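>>> predicted model, plus sequence, below.
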Amino acid sequence: MSHVSRWDTHPHSQGVHPHSRSSRRRLSKLSYDPEPEKNDEDVIGFATLPDQVHRKAVRRGFDFTLMVVGESGLGKSTLVSSLFLTDLYKDKKTPDVEDKISKTVEIEKKYMEIEEKGVKLRLTIVDTPGFNDAVNANECWKPVAGYIDQQFEQYFKDESGLNRRNIKDHRVHCCLYFISPYGHGLRQVDIEFMKQLHHKVNIVPIIAKADTLTTKEIHNLKLKILEEVEKHKIEIYEFPECDSDEDEEFKQQDTDLKSAIPFAVIGSNTVLEVNGKKVRGRMYPWGIVEVDNPIHCDFGKLRQMLISTHMQDLKDVTRDIHYENFRAINLADKMKKDQKDRNKLKRDSSPNFDQIVATDSILAEKDEEIRRMQEMLAKMQEQLNVNKKSAINGHGLHNL
Ligand SMILES: Nc1nc2c(ncn2[C@@H]2O[C@H](COP(=O)(O)OP(=O)(O)OP(=O)(O)O)[C@@H](O)[C@H]2O)c(=O)[nH]1
Ligand SMILES: [Mg+2]
């Protein structure tokens, strides 16, 4: 890859390595300088902050997770292996992966660590089984949505745990949604699928197997898809505005990328020879289509966007919008549950009126019984007194 890290040309670095002696000297000076550009010795030193952030980020490395979804047989597995496995592993000896690609039957995670100019990228590819018209197409988004939620949940748990500094970020940062080249735009299942996912993940729509369409057909299909995306209020990944201070070349690149959405791609893992050069392509009786040729398809643009230009933005949107969405819903659910539990607890410890009524009536019965007993005792006492009196009287008479 020929992309030059944008940090290499950072205006603040001015070719001074942050570790160099002069930069360290600058950090220790704390004096006011009315003309800081003129006297490099007297600056405070926070201009090295971007370099410090850069160094720290490079040391830690980057995580990125890409997912592919769509109808079965559209070339999802072929594309991801064309995108990463063969290309980024060109130094390593890999067996011909084409033979290995077969129908995906369950969600598969492929993990790889790539290094370029000292920058480490931990890449996770989530390959999902394609859905089929015949097999419960209405519900096919559920396992995919479940997988995305699971990753958010894991991150949420890790974030609230003790080992927060070493969290591995497996949240899905981008989902390539494959659209069939054979239809006339989006199908009902595509609309439903994307609507179920668009608040969870950045969706980048892809027209699969672009080699089966003519240039005009690709153009028309792109327009139709964009029209339907808008009509059905599907929120696909929105490319950020290009900064006005970017150079002209970068601005042009950005415009080209945006105007190519949905990217029409071709996948292949076969390396062929064209004019003495080895290229990845598909051979037909009438000629060869080259995966990396920008005239043949948008594969190069897709790869550029994913790896060179928009990876960080995809991660930022995941963290700031999709994960925040998940957190908000999760916390609201948790609060509701806590409230329910509290109410239940209150009910358990509050007086039971039926029981009170029953206890009261038992007490009343007992009171009544005591009262009757006291009455009986009083009668007996009275009787006893009468008997005593008559006995005394009897005795007195006798004595008289
Ligand atoms: N014409 C053409 N065929 C392709 C392209 N990409 C893949 N194929 C072929 O399409 C067939 C299916 O490719 P897979 O990559 O297995 O498709 P998938 O979307 O992963 O399919 P599931 O795993 O069932 O979801 C294979 O025979 C590929 O060689 C392409 O860009 N153009
Ligand atoms: Mg597959």
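That came through fine. Ligands and ions are numbered 1, 2, ... in the order given.
>>> distance check, the residue nearest the centre of the chain against ligand 1.
The centroid of the chain falls nearest to R171 when counting by C-alpha atoms, centre = their mean (4.2 Å). Going from R171 to ligand 1 by C-beta to the nearest ligand atom, to the nearest Å gives 23 Å. Just so you know, the C-beta spots here come from the backbone N, C-alpha and C atoms, and that holds for glycine as well.
>>> Q253 now?
Q253 sits 24 Å away from ligand 1, going by C-beta to the nearest ligand atom.
>>> kindly report the same for V53.
Distance from V53 to ligand 1, by C-beta to the nearest ligand atom: 39 Å.
>>> I'd say the residue nearest to the centre of the chain and V317 touch.
No: between R171 and V317 there is no contact under C-beta atoms under 8 Å: 11.1 Å.
>>> how many residues are close by the residue in the stretch 201-350 of the chain positioned nearest to ligand 2?
Nearest residue of the stretch 201-350 of the chain to ligand 2: G267, at 10.6 Å (C-beta to the ion). When counting by other C-beta atoms under 10 Å, one arrives at 25 neighbours for G267.
>>> tell me the secondary structure for G73?
In three-state terms, and counting by DSSP: H, G, I helix; E, B strand; the rest coil, G73 is coil.
>>> in contact with it, which residues?
Residues in contact with G73 (C-beta atoms under 8 Å, 6 or more residues apart in numbering) are 103, 130.
>>> where does pLDDT dip in the protein?
Residue ranges of the chain with pLDDT under 70: 1-43, 85-101, 133-137, 346-357, 390-400.
>>> again, 50 this time
Regions of the chain meeting the criterion pLDDT under 50 cover residues 1-36, 87-99, 396-400.
>>> around ligand 1, pick out the residues from it.
By the rule C-beta under 6 Å from any ligand atom, the part of the chain lying against ligand 1 is 72-78, 101, 103-104, 129-130, 209, 211-212, 266-267.
>>> if we use 5 Å, what do you get?
Contacts of the chain with ligand 1, taken as C-beta under 5 Å from any ligand atom, map to 72-78, 103-104, 130, 209, 211, 266-267.
>>> isn't the residue of the stretch 201-350 of the chain closest to ligand 2 right up against F84?
No: taking contacts as C-beta under 8 Å, G267 lies outside contact range of F84: 11.6 Å.
>>> got the domain ranges for the protein?
Per automatic domain parsing, the structural domains of the chain span 6-49, 61-336, 353-400.
>>> most tightly packed of those domains?
domain 61-336 (a mean of 16; mean count of other C-beta atoms under 10 Å).
>>> chain center to that domain, what's the gap?
Centroid separation for domain 61-336 versus its chain: 14 Å, with C-alpha atoms, centre = their mean, to the nearest Å.
>>> circling back to that earlier point, just give the closest residue to the residue nearest to the centre of the chain, not the sequence neighbours.
Once flanking residues are discounted, R171 sits nearest to Q151: 4.9 Å by C-beta to C-beta, 6 or more residues apart in numbering.
>>> whichever strand or helix holds that neighbour packs against which elements?
For Q151, the host element (DSSP states H and E) is helix 141-160. Helix 141-160 is packed against strand 62-70, helix 188-197, helix 323-349, with contacts defined by 3 or more C-beta pairs under 8 Å, 6 or more residues apart in numbering; DSSP states H and E.
>>> JSON lines for the ones you listed, including distance to V274?
Formatted as JSON lines, the helices and strands packed on helix 141-160 follow (distance: least, C-beta to C-beta, whole Å):
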{"stretch": "strand 62-70", "distance to V274": "27"}
{"stretch": "helix 188-197", "distance to V274": "34"}
{"stretch": "helix 323-349", "distance to V274": "44"}
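>>> tell me the SS of K109?
Recorded secondary structure, K109: strand (three-state DSSP).
>>> quick one: it and L123 touch, right?
No: K109 lies out of contact with L123 (C-beta under 8 Å); the separation is 10.9 Å.
>>> quick one: the helices in this protein?
Under the criterion DSSP state H, the chain contains helices at 21-28, 49-60, 76-80, 141-160, 188-197, 215-231, 248-259, 299-303, 311-317, 323-349, 353-399.
>>> need the ones you listed in CSV (columns: distance to E115).
Shown next, in CSV, are those (distance: least, C-beta to C-beta, whole Å):
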stretch, distance to E115
helix 21-28, 26
helix 49-60, 11
helix 76-80, 19
helix 141-160, 24
helix 188-197, 31
helix 215-231, 35
helix 248-259, 24
helix 299-303, 17
helix 311-317, 15
helix 323-349, 27
helix 353-399, 72
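>>> gap between the two ends of stretch 309-324?
24 Å (C-alpha to C-alpha, to the nearest Å).
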